[in-house]
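Student: Everything below, folded, please.
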Amino acid sequence: MVKRFKVWTYREGEPPFVHEGPIKSIYGIEGYFIQEIQRGNTSFSAAHPDEAHVFFLPISVGNIVSHLYNPLVTYARDQLITTVTNYTDLITHKHPFWNRTNGADHLLLSCHDWAPEISTKNPDKQLYRNIIRALCNANKSEGFNPSRDVSIPEINLRYSESSNPRNGQHPQNRSILAFFAGGIHGSIRKTLIETWKGKDKQLQVYEYLPPNIKYLELMERSKFCLCPSGFEVASPRTVEAIYAGCIPVIIADDYEPPFSDILDWSKFSLHIPSEKISELKVVLQSVEEGEYLRMHRRVLQVQRHFEVNRPSKAYDVFHMILHSVWLRRINISIRS
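Tutor: Purely as a prediction, here's the structure:
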């Protein structure tokens, strides 16, 4: 893939909706990917569209929402859908590439919760039926198709530089069985907090941390880090846990974890359905010490696949996203 795969980025459009994206916050993966693929010094950037295997629509759903929407006025998605559709119409009328595959070799990437609605609620239901969607909101109950779509990690980029693992404490020094801190966003978190908040010293669940306690330090002292869904299925805590050398406990329904084509998540994480939140402690205590140590070692092994590097490096998150896209692209036939 590294030697062959080429991505052409359409030049049409103007910032901030196109060619730029947020580079900080939980939507920062959008801006990071756009920057890297447009940087020009990556081997994946096609010099000419004729050599491309995939055509990237450099649209930022995060920027569109932040510039066009006032949450106090409306949550209607009409402006978002219209903006993306108009850009796609421009592409399809100006270039021949979309029509060769009905968009099947085209890529749209976004970490914003609203991104799936571009294709599912577009008035032209068939327009995006084939496009490769790289999404953080990888909810199979809402139309995410693992054979066509790519699940990407939600990473809370606090800085514009790289984002790398810290590893945390040695397993023998991790005195906390499990940890979570976060607001009540969605029914799963509500149940988790109502069931476990302040109930058990080994299972430390907070809604808001006291001012003298540091979030990342608790992660680095915990064996397991609870990663419940919020309003949508993805959580930045999953990558934060991996960075801290803490085994992620994904509490979500119908969620497709990132890079599942390559990574066997059962080897370095636990996935607990929301209806078993009351059984959390029993499930975690049932993990034998030897198995826990193996899972911890594998967490450290997969860390490099979630690193954010500027410029990108082999096997990091940028390469993993492109590899997932490549796997879906190789089965697409091009019509001459």
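Student: what about residue 181, distance to residue 205?
Tutor: Residue 181 sits 8 Å away from residue 205, going by C-beta to C-beta, to the nearest Å. All C-beta atoms are positioned from the backbone trio N, CA, C, and that covers glycine.
Student: Which of these two has more residues huddled nearby?
Tutor: residue 205 (22 against 19; other C-beta atoms under 10 Å).
Student: Could I get the phi/psi values of that one?
Tutor: Backbone torsions of residue 205, given as degrees, to the nearest 10, read phi -120, psi 120.
Student: pretty sure it contacts residue 190?
Tutor: No - assessed by C-beta atoms under 8 Å, residue 205 is found out of contact with residue 190, at 12.0 Å.
Student: What count of nearby residues applies to residue 258?
Tutor: 28.
Student: I'd like the distance between residue 165 and residue 63.
Tutor: As judged by C-beta to C-beta, residue 165 and residue 63 stand 28 Å apart.
Student: Between those two, point out the one with more neighbours.
Tutor: residue 63 (22 against 18).
Student: Can you name the residues that contact that one?
Tutor: Contact partners of residue 63, counting by C-beta atoms under 8 Å, 6 or more residues apart in numbering, are 15-17, 20-22, 30.
Student: remind me which residues of the chain are low pLDDT?
Tutor: The chain contains residues with pLDDT under 70 at 40-41, 71-73, 159-162, 335-336.
Student: Now the element after the longest helix seen in it, going C-ward?
Tutor: Determined from DSSP state H, the single longest helix within the chain is helix 78-94. Moving toward the C-terminus from helix 78-94, the next helix or strand (DSSP states H and E) is helix 97-101.
Student: Could I get the full set of strands for the stretch 1-150 of the chain?
Tutor: Here the stretch 1-150 of the chain has its strands, by DSSP state E, counting those that start in this stretch, at 7-9, 54-56, 106-110, 132-135, 150-151.
Student: Using a markdown table, lay out the ones you listed together with mean neighbour count.
Tutor: Shown next, in a markdown table, are the strands of the stretch 1-150 of the chain (neighbours: other C-beta atoms under 10 Å):
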| stretch | mean neighbour count |
| --- | --- |
| strand 7-9 | 21 |
| strand 54-56 | 23 |
| strand 106-110 | 25 |
| strand 132-135 | 25 |
| strand 150-151 | 26 |
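Student: Now tabulate those in a markdown table and tack on distance to residue 254.
Tutor: Shown next, in a markdown table, are the strands of the stretch 1-150 of the chain (distance: least, C-beta to C-beta, whole Å):
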| stretch | distance to residue 254 |
| --- | --- |
| strand 7-9 | 29 |
| strand 54-56 | 27 |
| strand 106-110 | 19 |
| strand 132-135 | 13 |
| strand 150-151 | 12 |
